[in-house]
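In: When you get a sec, could you give me coordinates for this:
(chains A and B)
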Amino acid sequence: MTTEFFVLLAVLLAALLATVRPLGRYFAWIMEGRPAWAPLAAVETRLLRLCGVDDGEMDWRQYGYALLIFSAIGTVALYALQRLQGWLPLDPQHFGAVSPDSSFNTAISFVTNTNWQGYAGESTMSYLTQMLGLAVQNFLSAASGIAVAFVLIRGLARHSTRLLGNFWKDLYRITAYALLPISFVLALVLVSQGVIQNFSAYQNVTTLEPTTYAAPKLDAAGQPVKGADGQVVNQTVIVPQQTIAMGPVASQEAIKELGTNGGGFFNANSAHPYENPNALTNFLEMLAVLLIPAALVYTFGYAVGDTRQGWALLAAMALVFAVAVTLLAAAEHQGNPAIGALGVDQAHTALQSGGNMEGKETRFGIAASVLFDAVTTATSCGAVNSMIDSYTPLGGMVPMALIQLGEVIFGGVGSGLAGMLVFALVAVFIGGLMVGRTPEYVGKKIEAFDMKMLSIAVLLMPILVLVGTALAAVLPAGVAGLANPGAHGFSEMLYAFTSAANNNGSAFAGLSANTPFYNILLGVAMLLGRFAVIVPILALAGSLAAKKRIPPGSGTMPTHGALFISLLIGTLFLVGALNFFPAWALGPIVEQLSPLPVH
Amino acid sequence: MTRKTLTLFDRSLVRPALLESLRKLDPRVQWRNPVMFVVYIGSLFTSALWVQALVSRGEAPAWFIGAVTLWLWFTVLFANFAEALAESRARAQAASLRGMKKTVTAKKLKEARHGPWTVVPGDNLRRDDIVLIEAGDFVPCDGQVIEGVASVDESAITGESAPVIRESGGDFSAVTGGTRVLSDWVIVRCTADPGESFLDRMIALVEGAKRRKTPNEIALTILLVALTLVFLLVTATLLPFSVYSVNAAHAGLPVTLTVLVALLVCLIPTTIGGLLSAIGVAGMGRMLLANVVATSGRAIEAAGDVDVLLLDKTGTITLGNRQATAFLPAPGVDEKDLADAAQLASLADETPEGRSIVVLAKRFALRERQVHELEASFVAFSAHTRMSGVDLPQRQIRKGAADAMRAWMESQSGSYPQAVVQAVDTISRRGSTPLVVAEVYQGKPRVLGVIELKDIVKGGIKERFAQLRRMGIRTVMITGDNRLTAAAIAAEAGVDDFLAEATPENKLELIRKTQAEGRLVAMTGDGTNDAPALAQADVAVAMHSGTQAAKEAGNMVDLDSNPTKLIEVVEIGKQMLMTRGALTTFSIANDVAKYFAILPAAFVATYPQLGALNIMHLTSPDSAILSAVIFNALIIVALIPLALKGVRYRALGADAVLARNLLIYGLGGVAVPFIGIKLIDLLLTAMGWY
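Out: Numbering: from 1, shown residues only, chains lettered A, B, ... in the order given. Presented below is the predicted three-dimensional model:
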């Protein structure tokens, strides 16, 4: 553990805290639908009218229908774009069509705000696909996530009504007034720090030192040539040149963080110097990821007329986050016991970073790497600037657990708040009974129908993760994708399904997931993990909005104090995370306890 | 009625409950409780595995499967037992009621007047049949007195030995089957068919035959089912995980089905699942113990949620009667003269107020007077004159409300001094009732002064209201008094608000308004004119002494007819909800320890390093699993007393209650199973089983 880590953590949280109130109020303004500055308002009105959107509000069914249709069209369009990119412009590297299963997986992945990437961006996607397909969905999936949070906030804030807002209007206002302007500014700042933004073809450069390595000699059919002794014949390969990928990166990088998307322009994601060149961009990217999820929590408190409600949820999030990232940092600073056993000094000194630096960029070091990792797994961003596969087993368990909490520690834009509210309602249901009243949250009684919707929202994710992992663990097609056998391989599979079902998108790596088996199974997990949770949340909002609002009294369970925060965290762990305890035991825990690294 | 207080595990209750818990093994009964149904299916499944192990090669030693199976069945039986015990306790409480439901004969009349009758068995009476009940007869059905007046012994139902008067018309016309007429006779129209009488409904309800799940119980069951489903998947997917691990580590064998079922049963919320319905039945039973009959479990649940209590002033907040506490003479009148006149005017006044005036006058050492010596003729109170008094030779004394007396003085062309007006005002402001005394002596009219009649606020009621306020419940006093008087009494009693000059209409209005704010309202009532308000209120306790209409409109009946009971009703409702919440929390928190017991045991053969998770140092994998299963079964029995008695209730703010219960049932729920499982394991080891 280093001072650097704690200072960085403190500065990040402080910077975030400073933005919460103004940005939260701003989102409240967007949500309330009040007119913008006249010229902007005119554009809004005209555009919406042009699209044939009528101004009226919708009930939860209409809202959900609009959202599902919109997402379905987005998925089909993105699929088509990938399949057709070979015939379309802005393809300097002449990439052909993406394979059907990979296109399917990627289309779902970006529409669901997961941004799981079974492909490598720089060797698969044309600039047009990146910009018109992936970046556009980065905006729209984030906007629809925020829209869902708006609906749930309205459900809690309104009373005795069926109406929950207009999806199209919400979508427009969120994109036009929040996502676009903030992304624009962030992209410019990133460019100033060295993130590239161009349409050039890839550059071939001669390296200062040629790369030399041994590889099996291949015959004409592509099969390794075997010598007389039956052994594969190796030859020395010398590579004097390197191809450097180019592209419109900055414009995509900004929304990748801001919309908690996480899908990298390049395969190396934020570890790539063109996506994340230095410590400053690293910090800004972390902050951008947290901005909206944290601000929306304030928006919620503001909308229900009691900002303490929002601060309580935010405090619970910050607390779990701080503890988790500290555990992660401790595990990584500890270093690898197997290497330590060989007499290698892993201590942190002025001259070396110490700890486990495998898979981490030297320009970030352990502190900025683990913090970035915790930020992107606590939220549903999923971007990485270091390779989780190379973390110590317990270190790797932390991001996994953060995702398995259901992406509610800040969480995805919108979906994080919605998920946290779901847990808050469950916590209130159990705790509320203990004060001798039928449970209520911000004046809304929690009844049988609400409990049904809450149960689906809480239940579905663990089911998807566990069943998916179980299938992969026993089917040959699943086990075939593993780079490491044993417990570490188990963690890889578990992480993949965890990431997909929670719409996170980060990868443990080490799993060859670009196969029809994983593409399809993970695609289904992402789809259900997103929409099969959104629908019950909308229904819940509908049911809550129709209820009367009960004024709080001294007999009402307070939902803003330290007590509620501990109850909420307790519920998160007992109802949320405990389901994964057996899986942790067979993956990261057993690996950590093993005398030698299993992989 | 003498009620024997039953100890928790009374022998007379336990034996039938044990039998009943076997009878409840019927799958149709089990199906109603989804959590326990999973345990039931699990037990059947391991039973089959055990048989397989006995007759051929099983997946584990037969004795191990057998032992796990045995304790799984115990888990089911213990849950059955908890429910059966709660039911039999409640049934015992109702038994005394059933006992008096002996077959009585009835004198059935052809028409509604005293005339010839035919004797029929009481069970044959239908609604609208008319019966004659004479002194010594039992009342054969619930009904309404349509003619006559009689004193009735209702002790069988209320436990109150003093007989009550029942007469036709008015608010005291309802009679209940099973009570006995002591004197005179009444003609009664039956209001219920056989099997639907008040008593029958009560017994059915208490015995749980007609018990429906309450709304909150349904919501909680949904949560429990959801948790059960998740844990079902957690354990089911452990098999493929285990197969993968065995292949990867090349050691051990995949986890056995027996262990998976054991883990499943330990993880699903069996503690609350097994006790949930017992808690509901026990809540009903506790109401009955307080002599309140709830017509539905829903009403008890609503009682816990009440935000506003509407309380009648008279009888609830104040003692039924006002008492004279002071004489305020008019200028130029001696206080003793005023007392003397007041005493004279009240000698024949048999109302409690009148008697209290006589008592107060005694303090002035007035001589005892014999009414017949005075040649007095008394003037009774009439609604028209609104005064009463006495006419003596050459002297007329009157007492009455201020405005009535002023009118009388004016009609006698007497003056009404300003000082008296002020005295009246002062008294009203104090929340007391002023009674002006005046006389016409030898043709000379004169106001003598004012008597202060004071409402006596019941002792301890203020503290009770303060308690309610801490619980977040507002109290509103309902009174027919004017605003001044009402405000003063409200302040003295410490209620939060009051409704003065109440009429049935504005009472109903107040309830509607409060409900529109989203609050739940509780009230008590007895008269027919209370019925609309009772029907509107969320929790409506009708006095048993009240009219049939009031009882039909309310959702609870207080057999003691004690309006203060409302507070107890609220407490019982809260206690029931708290018990549910506490046991749910406890049940979920228990899982942490069970994971630590079972997981290392299940996988240590594959990954020996997982032995490090065996932080309780349990003797062997088998003993660990068995200990967890045994703990899981025994904790149900151990918590039966809590489920039946309810979590200890204290009138504290929500924050304090939550902190306390979270500490006990949340943290306690995490800690207790660690200790319990370890102890059981030690015991199994000490007995040489391992």
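In: what pLDDT does B:Gly546 get?
Out: With respect to pLDDT, B:Gly546 scores 71.
In: pretty sure it contacts B:Ala174?
Out: Yes. Counting by Cβ atoms under 8 Å, B:Gly546 does reach B:Ala174; the two are 7.0 Å apart. In this view, the C-beta of every residue, glycine as well, is placed from N, C-alpha and C.
In: Just want to know which of these two has more residues nearby.
Out: Neighbours were counted for B:Gly546 and for B:Ala174 using other Cβ atoms under 10 Å in any protein chain shown; B:Gly546 has more, 27 against 24.
In: That one and B:Leu510, how far apart?
Out: Look at B:Gly546 and B:Leu510: by Cβ to Cβ, to the nearest Å, they are 20 Å apart.
In: Chain B contacts on the stretch 351-500 of chain A?
Out: A:426, A:429-438, A:443, A:446-448, A:450-452, A:454-456, A:458-459, A:462-463, A:466-467, A:469-471, A:473-474, A:479, A:485-487, A:489-490 (Cβ under 8 Å from any Cβ of the partner chain).
In: Can you list which of those residues are found in helices?
Out: A:426, A:429-434, A:448, A:450-452, A:454-456, A:458-459, A:462-463, A:466-467, A:469-471, A:473-474, A:479, A:486-487, A:489-490 (DSSP state H).
In: What residues does the residue positioned nearest the centre of chain B make contact with?
Out: What sits nearest the mean C-alpha location of chain B, by Cα atoms, centre = their mean, is B:Val569, with 3.3 Å. B:Val569 makes contact with B:287, B:290, B:292, B:300, B:303, B:522, B:539, B:541, B:556, according to Cβ atoms under 8 Å, 6 or more residues apart in numbering or on different chains.
In: make it 10 Å
Out: By Cβ atoms under 10 Å, 6 or more residues apart in numbering or on different chains, the residues touching B:Val569 are B:287, B:290, B:292, B:294, B:299-300, B:303-304, B:306, B:309, B:522, B:524, B:539, B:541, B:556, B:558.
In: In a helix, it, correct?
Out: Yes. Assigned with DSSP: H, G, I helix; E, B strand; the rest coil, B:Val569 falls within a helix.
In: show me what contacts the nearest residue to B:Asp538 once chain neighbours are set aside?
Out: Nearest residue to B:Asp538 in three dimensions, chain neighbours excluded: B:Leu520, at 4.4 Å (Cβ to Cβ, 6 or more residues apart in numbering or on different chains). By Cβ under 10 Å, 6+ apart, B:Leu520 lies in contact with A:437-438, A:550, B:302-308, B:473, B:514, B:537-539.
In: Near the residue of the stretch 1-150 of chain A found nearest chain B, how many other residues are there?
Out: At 19.3 Å from chain B, A:Trp60 is the closest residue in the stretch 1-150 of chain A, using Cβ to the nearest Cβ. Neighbours of A:Trp60 under the rule other Cβ under 10 Å: 26.
In: Send me the helix or strand bottoming out on mean pLDDT in chain A as PDB with only the CA atoms.
Out: When the helices and strands of chain A are scored by mean pLDDT, DSSP states H and E, helix A:337-340 comes last with a mean of 77. Taking C-alpha atoms only, helix A:337-340 is exported to PDB below (Å, rounded to 0.1, in the frame of the first residue of the first chain):
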ATOM      1  CA  PRO A 337       4.000 -15.100  -3.500                       C
ATOM      2  CA  ALA A 338       5.500 -17.600  -6.100                       C
ATOM      3  CA  ILE A 339       7.900 -15.000  -7.300                       C
ATOM      4  CA  GLY A 340       8.700 -13.900  -3.800                       C
END
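In: what about it, near chain B?
Out: No. Judged by Cβ under 10 Å from any Cβ of the partner chain, helix A:337-340 and chain B are separated, with a smallest distance of 12.8 Å.
In: need the next SSE after that helix, C-terminal direction.
Out: The helix or strand immediately downstream of helix A:337-340 is helix A:365-378, counting by DSSP states H and E.
In: how close does the residue nearest to the centre of chain B sit to chain A?
Out: Separation of B:Val569 from chain A (Cβ to the nearest Cβ, to the nearest Å) stands at 13 Å.
In: I'd like the distance between that residue and B:Leu288.
Out: For B:Val569, the distance to B:Leu288 equals 12 Å [Cβ to Cβ].
In: who touches both of these two?
Out: Common neighbours of B:Val569 and B:Leu288 (criterion: Cβ under 10 Å, 6+ apart): B:Ala294.
In: just to revisit the earlier point, narrow the contacts of B:Leu520 to those in strands?
Out: If you go by DSSP state E, those have B:308, B:539 in strands.
In: Between the contacts of B:Leu520, which sits nearest A:Ala228?
Out: A:Thr438 (83.2 Å; Cβ to Cβ).
In: okay, now that closest one: neighbour count?
Out: 24.
In: Then A:Phe199?
Out: 12.
In: Could you do A:Ala341 as well?
Out: A:Ala341 has 10 neighbouring residues, counting by other Cβ under 10 Å.
In: Ok, B:Ser545 next?
Out: Based on other Cβ under 10 Å, the number of other residues close to B:Ser545 is 22.
In: what helix or strand is it on?
Out: Here B:Ser545 is assigned to no helix or strand, by DSSP H and E.
In: And for A:Leu164?
Out: Going by DSSP H and E, A:Leu164 is not in any helix or strand.
In: any idea of the pLDDT on it?
Out: Value for A:Leu164, per-residue pLDDT: 95.
In: Show the contacting residues for it.
Out: A:57-64, A:150-155, A:158, A:170, A:538, A:541-542, A:544-545.
In: For the residues you listed, which ChimeraX command selects only the ones that are buried?
Out: In ChimeraX syntax, the buried subset of the contacts of A:Leu164 is picked out as below (16 or more other Cβ atoms under 10 Å in any protein chain shown):
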select /A:57,58,59,60,62,63,64,150,151,152,153,154,155,158,170,538,541,542,544,545
